[in-house]
Structures are given as C-alpha cells and as structure tokens.
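Engineer: Predicted model follows, preceded by the sequence.
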Amino acid sequence: MSNVKPWRVTASRITYADSWLTVRSDDCETEAGERIAPYHVLQYPDFVNVVAVGLDGQLVLVRQYRHGIGAILTELPCGIVEEQDDSATAAAERELFEETGMGALHALEVCRLPVNPANHSNHVTTVAILCEPRAAPRDMPGETLDVVRVPFGTFLASVLSRTIALQASHVSSLLLAHHAMRSNSGFARIAAKLVEARA
C-alpha cells in the first residue's frame, strides 16, 4: 500500500488573473498533518505542439523571439487551444496554418501530457501533421515569425547532439512524434499515398 496521498485543500483563492494566466493560491494539508500555505498554482490554457512534415520529408519550423529568455529560437509551431477549437487536433491545424501557411493533409494526435504538474494545471498535446503549402504565412500581433524547413532527420540529429537549443516540451514532442510516425502504419501508408498522388 502506497504512503503517497493527495494533499487536502482547506482554502483556495485566486490571487491574480489576467487574459494570459491565473494564479490560484491554496492552503494545503498533507496526510501527516503538515500545513503548506500558500501553495501557488499557475493556471495556463492547454496548448498544442505541432510536428509538421511536408510530403518532401521536410520538418516545418518557426523562428521567433522568446522574451522569457531573451533569445531567438527555432522551434515547433505551437499555441493555445482556443475556445472555438473543437479539439486539440483542430487547434494544431489552425496554429500551423496561421503561423506557417501550411494546410493539414492528415493529422495524428500523439499524446497529451501535463506541462509541469508541480505547480501548473495545464496540459500540452502533441499532434503530428502531414502538410502542404496553402497560403503565405502571416504575422500575428506581437508575433513575428520566419518559417524554416529542414530535413526531419537533420533537425532531430541537431537536437539529440545538443547543437541547437529547443524548449523542453518541444524536445519531448519531437521525439514522441518521430516514434509515433514511424510505428503507426496507417500514418506511413497515408503519407506514401499522398506522395504518390502528387508525383
């Protein structure tokens, strides 16, 4: 029998909220009676990471400024799941099109994982997408992007050799999607048919 038990919440209140995040401050008590208060939980929206691959085998990436670390990074297309999105996959297809102009031909929802369960309440869903160009990419308010296309294997090798900086959740999404695309026979079969149809 496990000695690990959930904490009991004796009080909870919102101590900060805006359009981007909410801070929930809980007063907690452990199974042993130890009081932990306040314990702050950051409530962010769920979001998606998109591992998008063209029919030429090139990975579709975006290069953008990330103010949290004050650096420009090359990374996966990503974004929050909006209220109007029917699913995480729909959000992934929308974000991919908005950021890169690439349209989805086939999508595979790979996994849904907690972001940082110690003090974040949200989840990230990884979606692998076969795609093709549909429109010119367009910048969003406060978001200027360059679209970058590189061979999937080349970028994966750079990540594994740590010669390129990539945010942690994008590393896990890239590796899990790579495994899923290789092991999912349906995904590979559809990709082959799409390539053949456009030959």
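Structural biologist: Happy to help now that I have it.
Engineer: Name the nearest residue to the residue nearest the centre of the chain, ignoring sequence neighbours.
Structural biologist: Nearest to the mean C-alpha position of the chain, by C-alpha atoms, centre = their mean, lies N49 at 2.3 Å. Leaving aside its chain neighbours, N49 sits nearest to S173 (3.9 Å; criterion: C-beta to C-beta, 6 or more residues apart in numbering). Placement of C-beta: from N, CA and C, glycine included.
Engineer: Work out the gap between stretch 159-175 and the centre of the chain.
Structural biologist: Computed by C-alpha atoms, centre = their mean, to the nearest Å, the separation of stretch 159-175 from the middle of its chain amounts to 12 Å.
Engineer: Also stretch 182-192?
Structural biologist: 22 Å.
Engineer: And that stretch, what's buried?
Structural biologist: Neighbour counts over stretch 182-192 (16 or more other C-beta atoms under 10 Å) mark F187, A191 as buried.
Engineer: so who does the residue nearest to Q43 when sequence neighbours are not counted touch?
Structural biologist: Counting by C-beta to C-beta, 6+ apart, T22 is the residue found nearest to Q43 once chain neighbours are left out, at 4.1 Å. By C-beta atoms under 8 Å, 6 or more residues apart in numbering, T22 lies in contact with I14, Y16, L42, Q43.
Engineer: if we can go back for a sec, are we agreed that the residue nearest to the centre of the chain is in a helix?
Structural biologist: No: assigned with DSSP: H, G, I helix; E, B strand; the rest coil, N49 falls outside any helix and is strand.
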